[in-house]
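K.L.:
Predicted model and sequence follow; I will ask about them next.
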Amino acid sequence: MIDTITLKKPFDAHVHLRRGAMLRAVTPITAEKFSRAIVMPNTDPPIETVEQAAEYKKEILAAIPRGDASRFEPLMTLYLTKNLTPAEIEKAAGSGVYGVKYYPWGATTNSQWGYQNILEAKDVLKKMEGVGLPLLLHGEVHVDERNEEVDPYRGEQTFIKGILPELLTSYPKLKVSLEHASSAEAVDFIEKNGKEGRLVATITVHHLLYDRGDAEPRPLLRVKPLIKERSNRDKIRALVKKGLPFVSAGSDSAPHPESKKFATTAAFGIFSAPVAVELYTQVFDELGCLDKLENFLSVNGPRFFGLEPSSETITLVKKDWQVTEPVVTDEGVKVWPIYHKDMGLGNETIHWQIKK
């Protein structure tokens, strides 16, 4: 039985850090556990220009304790809004911007600036294809061509069936990451069409852990894409067990203040940064594929973005522990992570711990 494992320091291909006090509270957690992270641009206001991305990066770096600042690199992205132009894409290439993120209009937190259908952004997509800048997809349909709302449990499937094939055919050299794959249809599509450097997928820890029955009554597990039926979760688990080089970890850690997370309608987003590495390890241990963990956590992600994996390592040991406290911002706001022993499913215990 394996009770310790050493890995190249992980790479988070999808994280939300927010701005201001929230950013100051959560950024050090990601910086401690990951070597690099692809930082999402759906702040308010959104990150639409190279200059805004550079300012945002400065704010992130300023929040990292001095001892960790040289060991963590935030990788910036732009938001695919209607203000984003081919000229800005040209400027972004080689400037420290690593991708452009698509949010379908109205689907999730701060998605009000997104296109309803990504195929509308023809000129920008063509320029991205030309300069080699990856497209990071929130692959859901929220409102269809008749302006009718799509069942949120079918939004990803609708996108996979109706939009993604046309996107890939129209832009055959565009680098695409299907973010937070959450459905059996997404798994089947990626298994059939995934290719290193061309079409990849990221997987969250919450879509590996939970099913719809767990998530529906619990505000902490309200997220987009929604956590679906157990058959979908089991397909995602089977996918990561295969160790495919075009599948990697993207936590989609997305903090919200307690007031929004426990509102009548809970905000979309799961805060997993404090526990993501440990829980990914736990799932891979349960699946009997710890030998696949390093590539999934630390190698496949950076290579899609043209980067080498970290030369630093972390060691995890099999040791039970629990999350007993929230993260608290310098303004006194509580932020609750998943797997909290009181706020989660009930007395949840994590079985792996990063060795200090």
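P.N.:
Thanks, I have it. Numbering: from 1, shown residues only.

K.L.:
How far does stretch 7-22 sit from its chain's centre?
P.N.:
9 Å (CA atoms, centre = their mean, to the nearest Å).

K.L.:
Next, the distance between the ends of that stretch.
P.N.:
End-to-end span of stretch 7-22 (CA to CA, to the nearest Å): 29 Å.

K.L.:
now swap in stretch 183-199 and tell me
P.N.:
OK, stretch 183-199 end separation, CA to CA: 17 Å.

K.L.:
Show me which residues of that stretch are buried.
P.N.:
183-187, 189-191, 194, 198-199 (16 or more other CB atoms under 10 Å). For glycine as for every other residue, the C-beta is placed from the backbone atoms N, C-alpha and C.

K.L.:
Which single one of those is nearest to residue 132?
P.N.:
Distance to residue 132 across the buried residues of stretch 183-199 (CB to CB) is lowest for residue 198, with 11.2 Å.

K.L.:
Please name the residues that touch the closest one.
P.N.:
Counting by CB atoms under 8 Å, 6 or more residues apart in numbering, residue 198 makes contact with 175-176, 246.

K.L.:
try 6 Å this time
P.N.:
By CB atoms under 6 Å, 6 or more residues apart in numbering, the contact set of residue 198 is empty.

K.L.:
Residue 220 too?
P.N.:
336, 338, 343.

K.L.:
what's the distance between it and residue 29?
P.N.:
From residue 220 across to residue 29, the span is 17 Å (CB to CB, to the nearest Å).

K.L.:
Tell me how many other residues surround residue 226.
P.N.:
22 (other CB atoms under 10 Å).

K.L.:
Correction: the previous question concerned residue 308.
P.N.:
Counted with other CB under 10 Å, residue 308 comes out at 9.

K.L.:
nearest residue to it other than its sequence neighbours?
P.N.:
Counting by CB to CB, 6 or more residues apart in numbering, residue 308 lies nearest to residue 302, which is 6.5 Å off, once chain neighbours are set aside.

K.L.:
tell me which element that neighbour is part of?
P.N.:
helix 300-304 (DSSP states H and E).

K.L.:
on that earlier part again, neighbour-wise, which of the contacts of residue 220 leads?
P.N.:
residue 338 (26 neighbours).

K.L.:
Over to residue 102: give its phi and psi.
P.N.:
phi -100, psi 130 (degrees, to the nearest 10).

K.L.:
tell me the SS of residue 292?
P.N.:
helix (DSSP: H, G, I helix; E, B strand; the rest coil).

K.L.:
Name the helix or strand of the protein that has the lowest mean pLDDT.
P.N.:
One helix or strand of the chain scores below all others by mean pLDDT, DSSP states H and E: helix 66-69, with a mean of 68.

K.L.:
I would like the residues contacting stretch 339-348, please.
P.N.:
220, 275, 322-324, 336.

K.L.:
quick one, longest strand in this protein?
P.N.:
Taking DSSP state E as the assignment, the strand of the chain that covers the most residues is strand 313-321.

K.L.:
if you average pLDDT over the helix or strand following it, what comes out?
P.N.:
Note on strand 313-321: by DSSP H and E, the next helix or strand toward the C-terminus is strand 327-328. The pLDDT scores in strand 327-328 average 98.

K.L.:
Now tell me what touches the following helix or strand past strand 327-328 from outside.
P.N.:
Per DSSP H and E, the first helix or strand lying C-terminal to strand 327-328 is strand 334-335. Defining contact as CB under 6 Å, 6+ apart, one finds that strand 334-335 is touched by 255, 258, 271, 326-328.

K.L.:
Stretch 34-44 too?
P.N.:
By CB under 6 Å, 6+ apart, the list of residues contacting stretch 34-44 reads 9-17, 19, 30, 47, 73-79, 101, 103, 110, 310.

K.L.:
what about it, average pLDDT?
P.N.:
Per-residue scores along stretch 34-44 average to 96.

K.L.:
repeat for stretch 122-137
P.N.:
Mean predicted lDDT for stretch 122-137 stands at 97.

K.L.:
quick one: buried residues of that stretch?
P.N.:
Result for stretch 122-137 [16+ other CB under 10 Å]: buried residues 124-125, 127-129, 133-137.

K.L.:
Pick out the most distant pair among the residues you listed.
P.N.:
So, the buried residues of stretch 122-137 by CB to CB: farthest apart are 127 and 137, at 17.0 Å.

K.L.:
Of the contacts of residue 220, just say which sits nearest to residue 141.
P.N.:
residue 338 (26.5 Å).

K.L.:
pretty sure the closest one is touching residue 269, no?
P.N.:
No: between residue 338 and residue 269 there is no contact, the gap being 10.7 Å when judged by CB atoms under 6 Å.

K.L.:
Count the residues that sit near residue 55.
P.N.:
Neighbour tally, residue 55, other CB under 10 Å: 13.

K.L.:
Please disregard the earlier target; I meant residue 331.
P.N.:
Residue 331: 11 neighbours (other CB under 10 Å).

K.L.:
Test my guess that residue 245 contacts residue 195.
P.N.:
No: assessed by CB under 6 Å, residue 245 is found out of contact with residue 195, at 9.1 Å.

K.L.:
From residue 350, how far off is the residue lying closest to residue 274 once chain neighbours are set aside?
P.N.:
The shortest distance from residue 274 to any residue other than its chain neighbours is 4.6 Å, reached at residue 337 (CB to CB, 6+ apart). Distance of residue 337 to residue 350, given as CB to CB: 11 Å.
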